[in-house]
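Asks: A structural model of the following input is requested.
(chains A, B and C)
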Amino acid sequence: MGLLYQIFIDPFVQMGTAPDLFVQTLWEGLVGGMLYALIALGFVLIFKASGVFNFAQGIMVVFAALTLVGLYNVGVPAFLALGLSIAVMFVLAFTVERVVLRPLVNQPDIILFMATFGITYFLIGFGEFVFGGDPKVMITDQLYLPKGTITYKALGGVVSLQKLDIAAAIIASIMVAGLAVFFSKTRIGRALRAVADSHSAALSVGISLEQIWVIVWFAAGLVALVTGIFWGARSDVSFALDVIALKALPVLILGGFTSIPGAIVGGLIIGIGEKLGEFYWGPLIGGGTDAWFAYVIALVFLLFRPQGLFGERIIERV
Amino acid sequence: MKARDILVGMTCASLLGAAVLASKAQAQDSIYVPLLTYRTGPYSGSGTPIANGMHDYLAMLNERDGGIGGVKLNIEECETGYDTKKGVECWESIKGKNPAVVNPYSTGITLQIIPKAAVDKIPILSMAYGLSASAVGDKFPWVFNPPATYWDGLSMVMRYIGGKEGGLDKLKGKTVGFIFLESPYGREPLPLLQQFSKDYGFTVKEYSVAGKEMQDQSAQWLAVRRDRPDWMIMWGWGAMNPTAVKRAAENGYPMDHFIGVWWSGSDDDGRGGGQTAKGYLSLNFNGLGSNYPAIQDIKKYVVDKGKSQVEKDKFAENFYNRGVYNSVLVAEAIRNAQKLSGKKVVTGEDVRRGLETLNISEAHWKELGFPNFAAPISGVNCTDHNGHAPAYMQQWDGAKWVKISDWIQPMKEKVRPMLDEAAKEYVEKNTGWPKRTEACDKSS
Amino acid sequence: MLYREAGQFKTSYASDQAVFPILQDRVGILIILVIAFIGIPVTGNDFLINAVMIPFLIFSLAAIGLNLLTGYTGLLSLGTGAFMGVGAYACYKLTTVFPDVNIIIWVIVSGFFSAAVGAVFGLPSLRIKGFYLAIATLAAQFFLEWCFIRIPWLYNYNVSAAIEVPQRELFGIIITGPRASAQTRYLIVLTIVVAMTWMASNIVHGRIGRMWMAIRDMDIAAELMGIRLLPTKLLAFAVSSFYCGVAGAMLVFLWYGGAESTVFSINESFTILFMIIIGGLGSLLGSFLGAALIYILPIILRFVPPQLGLPLHAATVEHMTFMITGALIVFFLIAEPAGLARLWQIGKQKLRVWPFPY
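Replies: Numbers count the residues shown, from 1 in each chain, chains lettered A, B, ... in the order given. As a prediction, this is how the structure comes out:
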């Protein structure tokens, strides 16, 4: 009985008696979820346009952030460093297309997936070789990102919001909106969707696959840079960050591999779900549940709705 | 087709290369000191400064004194990336080269190689980390963990808290939070903490941080906000530390009630939080800053000559000095071994004897060029491989660490019985654990 | 020249369908086995046996396990590390609870525990496949990893949450624990790996293997031909996890001599996946070649620069290793997506008709 009480009643009593903590947990979940969503967004962009499941997205986040901070540390002004980082991401996209994707056209998905593992390894080694492995502090002040805390006395307690998180939310929303417009309204966006539907059909109507791939990898690189800046500001820029990319995988399951809104909503659900789970139910089984909670949500989801929330029904059911 | 031909050629070439790769034995005219370090991977933030410190002090001895006792030290790093598998590989690759002593620098790796040490006759120096129970010299003749075990560390933290509260009895009814990295290292202090909570009547709240989550930690710190512990103790490592310090500040936890162990006190840990981290406390057992003659020598003979990897502005930071401290122990053990054995080029077996008789008095620290750098190491002997030396509390002032307390003695009377118990249990579980046969030397 | 099959006439279907139909192949295998069983233990030094050969064989076995699932049945799994962990922890519990039973028996038996766990986590494979399944197996990976540290019973309430290998004997010879000689452990590992490879070869060439491959090539067709998908897929998960479990138990008991949960992390799963993709999906030989490339290459890379007198720093070598490994993966995929095993076949084919191109 006591256990049932702890599972089914006590957490809700806690939510009721300390609404400020509940709201705070929700907020933390939202912020965490948004960052998962950003990583997932990078995956979706590439998957949509080239069918490649890009495992390297996580390390691209680290690499982008490292480039930015690394350049700043050798004396490049902050905004010039930002511009140069964007240029580096473009070079990366171009190189990946030339060296990895082009020779592997028409190979099975798993081969391309493996190739992105290769990219991951290479970027880890290269990044550490150039910038060193020690963690670096993100240059938030120099980029005029707000810092500090907004504290509301509400709900019988205190709810504190980090200004940085709010800024992250705003910039992420703008970016997502921009991408959505880009995908639905522009010529290139439509070409991207055509490529996603069928490579050969797109080729036959004169769409350049190479060009499209460079564009999506570059877009994913930009998303990675933004993600890296905000994750980096929340903790540190270090190679420990790339494991966070794995969190994007359950997000993709929830949202579907090809849906941008799916990535966002999935990210938020996973973020909030794991924080609430860990906060209210985690202590019952010893805590640390956020290591696997997201995957179990995804697993349950898979059994009932394999195509995800917004995914197209392309998944083969057996 | 062409790429495939290259591939065939390459495969053949690499097979040839592998065949050529035969092991070699070089003439022993130097003392081989392998350093298991990690400058890569998620924990490199903590690992790099320590690696630099360890390397640079030994390199300085080579440059300034021509090694130890006239014998050059052959310093070689083996990169582990804090990965147990690579650590074991390193052990296998160095054990044939007659190493003087091995510094594993990871509790996980230490646990793996403890059983191998006695078989391969190589002493392990796990300086204030590793298996606490290995302080019992009767059971673990080949393992040394001076100057203090984690349990000593926890007892020092408790003593400090007791001092602030006006006696440990005052803790009755209060809550102490313990946030730790989910690993053997982080779990080690838990039994003693439970013991303390029983003895003094406070509640313990555990917050574990998985390695994957160490850059997030928001759930853990929300729970801290809910539970409102009166004190927080942290056993963190690598990227976990700066994140924890940041989260604590964001959640409005009073930083001067937040205490880290000596591995949670690097300059990076405070720097990440900057001004908001002001007040954060951590234990330390080595001196701060570069204001010691020997450290100046390192600068003169090694760093300024470009023989070090350390970045100029990170020279003589706390963890750098920690590495230096580690190397002082290594160097003194080798010196002792030379004295005891009468040989110039000492082996692992000699250094084991040297470590067992390790004794660095205050005068000797001064002689070495480290006046007031650290507490004297006097308690190491055949039965006690630890010494239970005191540590002090340091505080982050927003830009650097400042020493704020005197030496805090560990509660040896509490720790020692637990160590004996744990060592006994370890031996019981490992059937066939060899009895100590190594003779005991007089302390030098 | 030597590699000619001329004059070797097959007089029965059985000999025509043999795994090694050509005499030279059989001789080659025999030579390799003789070298492995006699040559290496007699001539090899400790480093070669302990740091190269033992882990290489163990990883090969794990790679075979994953290959049965991914290469032969077409089900992608990222939970290999955790399944290896299940084997290791099961073996530890078994040998501490029943210390009198021989450890080798427990190493094998622990595979069954792993198989059971694998079958449970294989259940989603009935509804999903491809990347989706891979992510489902990630859930297994993280959940099991969490269990290894959160269920103290698994490691006998050890303070450090680690498992330590007790000393065990076979016919009076110490075979586990630090005092077991490298040669002994090597021979045990080799025997188990050879035996299990032989078993795997029989499985994949037999009825079960054909059912798996039918499912891999087209599941709907397989179903129409009367293969029941549910039991067959679960069997693949179980057999694969069995192999991984045994590999995991050997990893801890015959190589590391102790372990903590991080040993069985997601990186382990990825490493083994690399091995089979580089080696060749759906090839037992490929599992060995892949394990050799992924495991031994970094060791060689680490030791070559000092041999050549290049004063590279340990960390730099590590960075280089990462970069070269990454570049090699991409290069191999471009040059030969079917893996090293296919390369080997091409080589053999060329040898057969040499000096003529066709």
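
Asks: quick check: closest non-adjacent residue to B:Phe202.
Replies: B:Leu171 (4.4 Å; CB to CB, 6 or more residues apart in numbering or on different chains). All C-beta spots, glycine's among them, are computed from the backbone N, C-alpha and C.

Asks: is the lowest-mean-pLDDT helix or strand in chain C positioned near chain A?
Replies: Confidence across the helices and strands of chain C bottoms out at helix C:297-307, with a mean of 74, counting by mean pLDDT, DSSP states H and E. No - Helix C:297-307 does not reach chain A (CB under 8 Å from any CB of the partner chain); its nearest approach is 10.6 Å.

Asks: which parts of that helix are buried?
Replies: Judged by neighbour count (16 or more other CB atoms under 10 Å in any protein chain shown), helix C:297-307 contains these buried residues: C:Leu297, C:Pro298, C:Ile299, C:Ile300, C:Leu301, C:Arg302, C:Phe303, C:Val304.

Asks: check these one by one and keep those near chain B.
Replies: Okay, of the buried residues of helix C:297-307 touching chain B (CB under 8 Å from any CB), that's C:Leu297, C:Ile299, C:Ile300, C:Phe303, C:Val304.

Asks: one step back: tell me which helix or strand comes right after the least confident helix or strand of chain C.
Replies: Of the helices and strands lying after helix C:297-307 in sequence (DSSP states H and E), the nearest is helix C:314-335.

Asks: quick one: the longest helix along chain A near chain C?
Replies: Secondary structure assigned by DSSP state H gives helix A:19-50 as the longest helix of chain A. No - judged by CB under 8 Å from any CB, helix A:19-50 and chain C are separated, with a smallest distance of 9.1 Å.

Asks: any idea which of the ones next to chain B among the buried residues of helix C:297-307 is closest to C:Ile58?
Replies: C:Ile299 (14.6 Å; CB to CB).

Asks: tell me how many other residues crowd the closest residue to that closest one other than its chain neighbours.
Replies: Closest residue to C:Ile299 apart from its sequence neighbours, by CB to CB, 6+ apart: C:Val52 at 6.4 Å. Residues contacting C:Val52 under the criterion other CB atoms under 10 Å in any protein chain shown number 22.

Asks: do C:Gly172 as well
Replies: 5.

Asks: list the buried residues in the host helix or strand of B:Glu428.
Replies: Per DSSP H and E, B:Glu428 falls inside helix B:412-429. If you call a residue buried by 16+ other CB under 10 Å, then helix B:412-429 has these buried ones: B:Lys412, B:Lys414, B:Val415, B:Arg416, B:Met418, B:Leu419, B:Asp420, B:Ala422, B:Ala423, B:Tyr426, B:Val427.

Asks: what sits closest to the second one if chain neighbours are left out?
Replies: When you say that, I think you mean B:Lys414. Nearest to B:Lys414 is B:Ser155, by CB to CB, 6+ apart, at 6.0 Å.

Asks: correct me, but that neighbour touches B:Met411?
Replies: Yes - using CB atoms under 8 Å, B:Ser155 makes contact with B:Met411 at a distance of 3.9 Å.

Asks: of these two, who's got more company?
Replies: More crowded of B:Ser155 and B:Met411, by other CB under 10 Å: B:Ser155, with 27 against 20.

Asks: just want the most central residue of the chain.
Replies: Went with chain A since none was named. A:Ile39 (1.1 Å; CA atoms, centre = their mean).

Asks: hm, I was asking about chain B
Replies: Short answer for chain B (CA atoms, centre = their mean): B:Met127, at 4.3 Å.

Asks: let's see the pLDDT reported for that one.
Replies: In this prediction, B:Met127 carries a pLDDT score of 88.

Asks: swap in C:Ile38?
Replies: According to the prediction, C:Ile38 has pLDDT 86.

Asks: that one: neighbouring residues, count only.
Replies: 11.

Asks: what of C:Phe322?
Replies: Number of residues near C:Phe322 (other CB under 10 Å) recorded here: 24.

Asks: please apply the same query to C:Asn156.
Replies: 14.

Asks: show me which residues of the stretch 101-250 of chain B sit near chain C.
Replies: Checking the stretch 101-250 of chain B against chain C by CB under 8 Å from any CB, the hits are B:107-108, B:111-112, B:114-116, B:118-119, B:131-133, B:182-184, B:187-188, B:190-191, B:210-211.

Asks: which of those fall in helices?
Replies: Among these, the members falling in helices are B:107-108, B:111-112, B:114-116, B:118-119, B:184, B:187, B:190-191 (criterion: DSSP H).

Asks: name the weakest-confidence residue in those residues, if you would.
Replies: Lowest pLDDT among those: B:Pro184, 77.

Asks: isn't that one up against B:Ile114?
Replies: No - taking contacts as CB under 8 Å, B:Pro184 lies outside contact range of B:Ile114: 11.7 Å.

Asks: B:Asn286 falls within a strand, correct?
Replies: No - secondary structure of B:Asn286, determined by DSSP: H, G, I helix; E, B strand; the rest coil: coil, with no strand assignment.

Asks: could you find the closest non-adjacent residue to it?
Replies: B:Tyr325 (4.2 Å).

Asks: what does C:Gly290 give?
Replies: C:Gly279 (2.3 Å).

Asks: which residues sit in contact with the residue nearest to B:Lys414?
Replies: By CB atoms under 8 Å, 6 or more residues apart in numbering or on different chains, the contact set of B:Ser155 is B:Leu192, B:Phe196, B:Pro410, B:Met411, B:Lys414, B:Val415.

Asks: distance of the spatially closest residue to the first one that is not a sequence neighbour relative to B:Pro417?
Replies: Just to be clear, that refers to B:Leu192. Excluding the flanking residues, the one nearest B:Leu192 by CB to CB, 6+ apart is B:Trp151, at 4.7 Å. According to CB to CB, to the nearest Å, B:Trp151 and B:Pro417 sit 11 Å apart.

Asks: was I right to think A:Gly262 contacts A:Gly255?
Replies: Yes - the pair A:Gly262 / A:Gly255 is scored as a contact, 2.8 Å apart, by CB under 8 Å.

Asks: what's the burial count for the residue nearest to B:Asn286?
Replies: For B:Tyr325, the count of nearby residues is 23 (other CB under 10 Å).

Asks: put the alpha carbons of the helix or strand encompassing it into PDB.
Replies: Assigned by DSSP H and E, B:Tyr325 belongs to helix B:318-341. These are the backbone C-alpha positions of helix B:318-341, laid out as PDB (Å, rounded to 0.1, in the frame of the first residue of the first chain):
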ATOM      1  CA  ASN B 318      45.500  24.200  -8.200                       C
ATOM      2  CA  PHE B 319      45.300  20.900 -10.200                       C
ATOM      3  CA  TYR B 320      48.700  21.600 -11.700                       C
ATOM      4  CA  ASN B 321      50.100  21.800  -8.200                       C
ATOM      5  CA  ARG B 322      48.200  18.700  -7.400                       C
ATOM      6  CA  GLY B 323      50.100  16.900 -10.100                       C
ATOM      7  CA  VAL B 324      53.400  18.300  -8.800                       C
ATOM      8  CA  TYR B 325      52.500  17.000  -5.400                       C
ATOM      9  CA  ASN B 326      51.900  13.600  -6.900                       C
ATOM     10  CA  SER B 327      55.300  13.700  -8.600                       C
ATOM     11  CA  VAL B 328      57.000  14.800  -5.400                       C
ATOM     12  CA  LEU B 329      55.800  11.600  -3.800                       C
ATOM     13  CA  VAL B 330      57.000   9.600  -6.700                       C
ATOM     14  CA  ALA B 331      60.400  11.300  -6.600                       C
ATOM     15  CA  GLU B 332      60.800  10.900  -2.900                       C
ATOM     16  CA  ALA B 333      59.800   7.200  -3.000                       C
ATOM     17  CA  ILE B 334      62.400   6.700  -5.700                       C
ATOM     18  CA  ARG B 335      65.000   8.500  -3.600                       C
ATOM     19  CA  ASN B 336      64.100   6.300  -0.600                       C
ATOM     20  CA  ALA B 337      64.300   3.200  -2.700                       C
ATOM     21  CA  GLN B 338      67.800   4.100  -3.900                       C
ATOM     22  CA  LYS B 339      68.900   4.600  -0.300                       C
ATOM     23  CA  LEU B 340      67.300   1.300   0.800                       C
ATOM     24  CA  SER B 341      68.500  -0.800  -2.000                       C
END
